[in-house]
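Enquirer: here's my sequence, what's the structure:
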Amino acid sequence: MKANIEIETQTCGKTTRFRASGSVERRDGGVLVSYPIEGDLSTLELYPSCAVLQRRGEVRFDATFRENEGTLFRMSLRDGAAELPILTKHYKSFISDPEIFCRLSYDLQTDKMLQRFSLRIRIKVFSEEQ
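Expert: I've put the predicted structure just below:
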């Protein structure tokens, strides 16, 4: 199914909005959302208990988010790779037709600082005829 994806991210006192057209597939109590970003392919899997974010292309990363759990953000670029600790503070997804919502907040720890992120994700699914 085709979909419009909107991701609003707040961090360091700034808000950014990303919009893309993509697709949604239902799977095992959740959804797989695929969309292009800067020439790469990103996927976002949303389930009642977790979210999994992946990007493949020139920039590659993987991250899994589970409320009140620590995981790793794995990233690789041409000149190297890194693993950064993530602590997911809040995760909630609402999967219904024709809209899917997700709220996610997490802390990303770098060598020098802790950066907090808050995301609001809205996916509007529409039929092929629309």
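
Enquirer: any regions of this protein where pLDDT drops low?
Expert: Counting by pLDDT under 70, the chain has low-confidence residues at 127-130.

Enquirer: packing partners for the lengthiest strand in it?
Expert: Looking across the chain with DSSP state E, the single longest strand is strand 80-95. Counting contacts by 3 or more C-beta pairs under 8 Å, 6 or more residues apart in numbering; DSSP states H and E, strand 80-95 packs against strand 30-37, strand 60-65, strand 70-77, strand 99-109. Quick note: C-beta positions are derived from backbone N, CA and C, even for glycine.

Enquirer: give me the buried positions along the last one.
Expert: By that I understand strand 99-109. Ile100, Cys102, Leu104, Ser105, Tyr106, Leu108 (16 or more other C-beta atoms under 10 Å).

Enquirer: what do you get for the shortest one?
Expert: Within strand 60-65, the residues scored as buried using 16+ other C-beta under 10 Å are Phe61, Asp62, Ala63, Thr64, Phe65.

Enquirer: coming back round to it: and the longest strand of the chain with strand 99-109, angle?
Expert: Angle, strand 80-95 to strand 99-109, by axes from the mean of the first three to the mean of the last three C-alpha atoms, to 10 degrees: 140 degrees.

Enquirer: touching strand 80-95 from outside, list them.
Expert: Residues from elsewhere that reach strand 80-95 (C-beta atoms under 8 Å, 6 or more residues apart in numbering): 30-31, 46-51, 63, 65-76, 100-110.

Enquirer: contacts only, for the nearest residue to Ser49 once chain neighbours are set aside.
Expert: Leaving aside its sequence neighbours, Ser49 sits nearest to Arg66 (C-beta to C-beta, 6 or more residues apart in numbering; 6.4 Å). Taking C-beta under 8 Å, 6+ apart, we find Arg66 in contact with Ser49, Cys50, Thr88, Tyr91.

Enquirer: could you pull up phi and psi at Arg66?
Expert: Dihedral pair for Arg66: phi -130, psi 130, per degrees, to the nearest 10.

Enquirer: buried ones in the helix or strand where Gln54 lies?
Expert: Element membership of Gln54, judged by DSSP states H and E, is strand 51-56. Buried residues in strand 51-56, counted by 16+ other C-beta under 10 Å: Ala51, Val52, Leu53, Gln54, Arg55.
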